[in-house]
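> Fold the following, please.
(one chain, ligands or ions: 1)
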Amino acid sequence: MTRSQPGNSGISSQHSIENRLQIQRLLEPTLIISSGVGSDVVQGLAQTPKTIPPRYFYDDRGSELFEQICELPEYYLTRTETKILQNCACEIAAITGACEIVELGSGSSTKTRLLLDAYQQQGLPLRYLPIDVSAGMLESSAIQLLGDYPSLQVYALAGTYELALSQLEPRQLPTRMICFIGSTLGNLHPQECNVFLSQITAALQAGEYFLLGIDLQKPKHILEAAYNDAQGVTAAFNLNMLEHLNWRFAGNFDPTQFTHWAFYNETAHQIEMHLKSERSQTVELSALKLKVNFESDETIRTEISRKFNLNSIQQDLKAKGLIPRKVWTDENQWFGLLLCQFHPA
Ligand code: AVJ
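As a prediction, the model looks like this:
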């Protein structure tokens, strides 16, 4: 790591950005073995119906499109969660006191600023551990944050949630809060969700906190509009996955031969996003030595986005020893934010 030269800048070396930033790249053992790369794609496309994990949405273009989705009039999620956080961030800081903030899937850290502001206002020390698969995103958002919060320390972890959670070092402040906001939990099937919550509790000490943001069940027309916006940004986001796969695995998907399809599955309480093949066709992903046949109208499911019931998610959390201390929602009860404290059974 480079250190700033004393006298070279107006910033004292104690507060210089270099001294307050560390980025640790975690290596995924299975990714080092090259045969592991893309095995999730091979597996998903061999299933009926075909699926591809939603993490393939997020190349640079996909991350940019997602930021645009968050601004759409139909996409109430980000706006609603931000409003809730604006109202309750001070209360969260007052409950936890001095606290390390660990954030899963930090992205551009926009909503996190509301939390950092609250801790800073109460004169509490600021230590932030963002976890994201994109080291580039971690670095650029950390540098912006460090510029705006002169006493902030950032210890960023580049890697999967699973790996980062299993490798967290002992905390340096009196407690810790793992934040998983943005309703990303909705991408996990119930069984995967169960495993994920176990990974959370394995990473927490007794008395530490878990902050969870989730999208709630609501009328179908509101949900379907949020995933079928009039400007077609969500369609572009969905179709971009094919461009991403082409680039990563030397593929020949023709995105003009697929269409965006999103609907609310009321039995499973989940939005499903699919890409529908407009005709029968064969696609090749050379780097995976894979040829895939599509029938006309056959789909690839690219995402589930589950919509939760506040009571039943609280039961699930309690069963894991994650005891809800406080639950916040908006005036329509469209989105929920839960602050849980870990008390192992
Ligand atoms: C980032 C998983 C919360 O499910 O609403 C937005 C992703 N997909 N529009 C969601 C998404 C389509 C988003 N999450």
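
> Now do the helices in the stretch 101-250 of the chain.
For the stretch 101-250 of the chain, the helices defined by DSSP state H, counting those that start in this stretch occupy 112-121, 135-148, 161-166, 190-203, 220-226, 233-249.

> right, so of those helices, which gets closest to the ligand?
helix 233-249 (5.1 Å; Cβ to the nearest ligand atom). Any C-beta I mention is one placed from the backbone N, CA and C, and that applies to glycine too.

> For the residue of the chain found nearest the ligand, give me its contacts.
Closest residue of the chain to the ligand, Cβ to the nearest ligand atom: Ser305 (3.2 Å). Counting by Cβ atoms under 8 Å, 6 or more residues apart in numbering, Ser305 touches Ser183, Gly186, Asn187, Asp215, Tyr227, Gln270, Ile271, Glu272, Met273.

> Tell me who's in contact with the second one.
Spelled out, that is Gly186. Ile214, Asp215, Gln270, Ile304, Ser305, Arg306, Lys307, Phe308 are the contacts of Gly186 under Cβ under 8 Å, 6+ apart.

> related to what we said a few turns ago, wait, a strand at the residue of the chain closest to the ligand?
Yes - with DSSP: H, G, I helix; E, B strand; the rest coil as the criterion, Ser305 is part of a strand.

> Just grab the bridge partners of it for me.
Ile271 (DSSP bridges).

> ok, back up a step: can I get the helices of the stretch 101-250 of the chain in CSV with distance to the ligand and mean neighbour count?
Listed next are those as CSV, based on distance: least, Cβ to the nearest ligand atom, whole Å; neighbours: other Cβ atoms under 10 Å:
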stretch, distance to the ligand, mean neighbour count
helix 112-121, 15, 19
helix 135-148, 14, 17
helix 161-166, 13, 18
helix 190-203, 13, 15
helix 220-226, 7, 16
helix 233-249, 5, 20
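
> Enumerate the residues of the stretch 51-200 of the chain near the ligand.
Applying Cβ under 6 Å from any ligand atom, we find that the stretch 51-200 of the chain lies next to the ligand at Ile69, Leu77, Gly182, Ser183, Thr184, Gly186, Asn187.

> Lowest-scoring secondary structure element of the protein by mean pLDDT?
The weakest-scoring helix or strand in the chain, judged by mean pLDDT, DSSP states H and E, is helix 29-32 (a mean of 52).

> So which other helices or strands are in contact with the following helix or strand past that one?
As assigned by DSSP states H and E, the chain's next helix or strand after helix 29-32 is helix 39-46. Contacts defined by 3 or more Cβ pairs under 8 Å, 6 or more residues apart in numbering; DSSP states H and E place helix 39-46 against strand 50-51, strand 290-294.

> Give me the sheet partners of the longest one and which way each runs.
Take DSSP bridges as the rule and strand 290-294 pairs in its sheet with strand 281-285 (antiparallel).

> Now the strand it pairs with: buried residues?
Gln281, Val283, Leu285 (16 or more other Cβ atoms under 10 Å).

> same thing with stretch 92-112?
92-93, 96, 99-109, 111-112.
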